[in-house]
Every structure is written in C-alpha cells, then in structure tokens.
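Enquirer: Dropping a prediction and its sequence here:
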Amino acid sequence: MYAVLLLALNGRSFMMPTWSASTVQTRLTLFVPLVVTIGLALCMESRLAAPELSGVRAVNRLDICMSAISTLGALLLGAILSFLADSPEFVTAGRNSAFLSGLFLVAWPALREAAALIPAAWIFVVMLAGYRSPLDAYPWTIIPEPVDRLHAWTVAFLAFLVGIFVQGRTMQKESQ
C-alpha cells in the first residue's frame, strides 16, 4: 500500500492556505508516511497485556523489531523507488516515515491510542505555520525539506532512535 500510494501521488500537490505564507503548494506524498504510523498504532493498540506478560515469547522485543522493520522498510522501499523512478520524493517519504514514527513512539506512553494523531497533527502544523514563503519551509518542519538537507535526516533518525528507546523502556516498565 505504501509503494502504491507513493507511486500514485508522486508529483501531485494542492494549494494550501497558511498562516505564515499566503498559500503553499503541498505535496500529497507528505501524507503517505501516515500509513506506516497508523499501522504501528493499530499493532500497538491490539496488544493483549495479560497474555503477553505471562507468555514465553519476548513480545517486547518483537514489538521493537516490528517498529524498526516497518519504518526502515519504508525507508528502503523509498530508496528503491527513488532509484527506479529517478525521483527524490520517494526517499524523502522514507525519511519522513522515520521522523513521524519516532514522534508516534515517543508520544505512545503518555497518550496511548491518541498518539496516532501526533504525526497527522505535525503535518497540519507544518502546512499551516511551517513556511516563510510559498517555496521555503522553516528548518524545524523537517517533512517538507528536500532530500539533500542533512539536518532533516539527522532529526528524523534521532526522533526514530529516541522513539525506539522510549518504546523499549515503556514496555520494560509495563512488564515489571
């Protein structure tokens, strides 16, 4: 589904009114990473605490692996599609998946099911207040930044790593 949406929405955009710039052209591929974060949210919501705590399998480690594999899989798929289609937008979507998944995983312990709204809220805040001019996003926005911006990659991977760490710590506390 992720790849199909990326291919279908590549190069498509719409004009969005903003508070900081008059209107900005918003790429529809900014929304595709929500597929990854919503998938993570569905998996995290469907946990059965009592059977998992009494089970033999290391469910906590499996959940961390699920988060890592789904997010890194989105990044790898974006890189492959970017290479095949010669479009940097696909790699950017992979980077954004890592960033938004990290935000979700950091918010999960405090907000539980409501944490699934954090990535969507980030996208809408960026669209409404994240642009200096119609073609120039503020550096803090991360997701609309071009593929060659090192700070966006750094923040995306730090958010993802912190999210994985928080997920591990939270699950460790729940199992005690």
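Expert: That came through fine. Predicted model only: the values in this text are computed from it and were never measured.

Enquirer: Confirm that Met16 sits in a helix.
Expert: No. Counting by DSSP: H, G, I helix; E, B strand; the rest coil, Met16 falls outside a helix, being strand.

Enquirer: shouldn't it be in contact with Leu28?
Expert: No. Counting by CB atoms under 8 Å, Met16 stays clear of Leu28, with 10.8 Å between them. Glycine gets a C-beta too; all of them are placed from N, C-alpha and C.

Enquirer: Ser87 in helix, strand or coil?
Expert: Ser87 - assigned by three-state DSSP - is coil.

Enquirer: residues near it, how many?
Expert: For Ser87, the neighbour count with other CB atoms under 10 Å is 19.

Enquirer: Distance of Val125 relative to Ile118?
Expert: Using CB to CB, to the nearest Å, Val125 is found at 10 Å from Ile118.

Enquirer: more crowded one of these two?
Expert: More crowded of Val125 and Ile118, by other CB under 10 Å: Ile118, with 18 against 11.

Enquirer: got the buried residues for the helix or strand hosting that one?
Expert: Assigned by DSSP states H and E, Ile118 belongs to helix 117-129. By neighbour count with 16 or more other CB atoms under 10 Å, helix 117-129 contains the buried residues 118-119, 122-123, 126-127.

Enquirer: I'd like the mean pLDDT over the helix or strand following it, please.
Expert: Scanning forward in sequence from helix 117-129 by DSSP H and E, the next helix or strand is strand 131-133. Strand 131-133 carries an average pLDDT of 87.

Enquirer: Residues in contact with strand 131-133: which ones?
Expert: Residues from elsewhere that reach strand 131-133, judged by CB atoms under 8 Å, 6 or more residues apart in numbering: 18, 20-21, 24, 137-138, 141, 144.

Enquirer: I'd assumed Trp108 was in contact with Val166.
Expert: Yes. With contact defined as CB under 8 Å, Val166 reaches Trp108; the gap is 7.5 Å.

Enquirer: Turn the contacts of strand 131-133 into JSON lines, columns for distance to Ala8, neighbour count and pLDDT.
Expert: Formatted as JSON lines, the contacts of strand 131-133 follow (distance: CB to CB, whole Å; neighbours: other CB atoms under 10 Å; pLDDT from 0 to 100):
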{"residue": "Thr18", "distance to Ala8": "25", "neighbour count": "17", "pLDDT": "83"}
{"residue": "Ser20", "distance to Ala8": "29", "neighbour count": "13", "pLDDT": "73"}
{"residue": "Ala21", "distance to Ala8": "27", "neighbour count": "17", "pLDDT": "69"}
{"residue": "Val24", "distance to Ala8": "22", "neighbour count": "24", "pLDDT": "86"}
{"residue": "Ala137", "distance to Ala8": "24", "neighbour count": "23", "pLDDT": "90"}
{"residue": "Tyr138", "distance to Ala8": "28", "neighbour count": "14", "pLDDT": "93"}
{"residue": "Thr141", "distance to Ala8": "24", "neighbour count": "17", "pLDDT": "96"}
{"residue": "Pro144", "distance to Ala8": "20", "neighbour count": "22", "pLDDT": "94"}
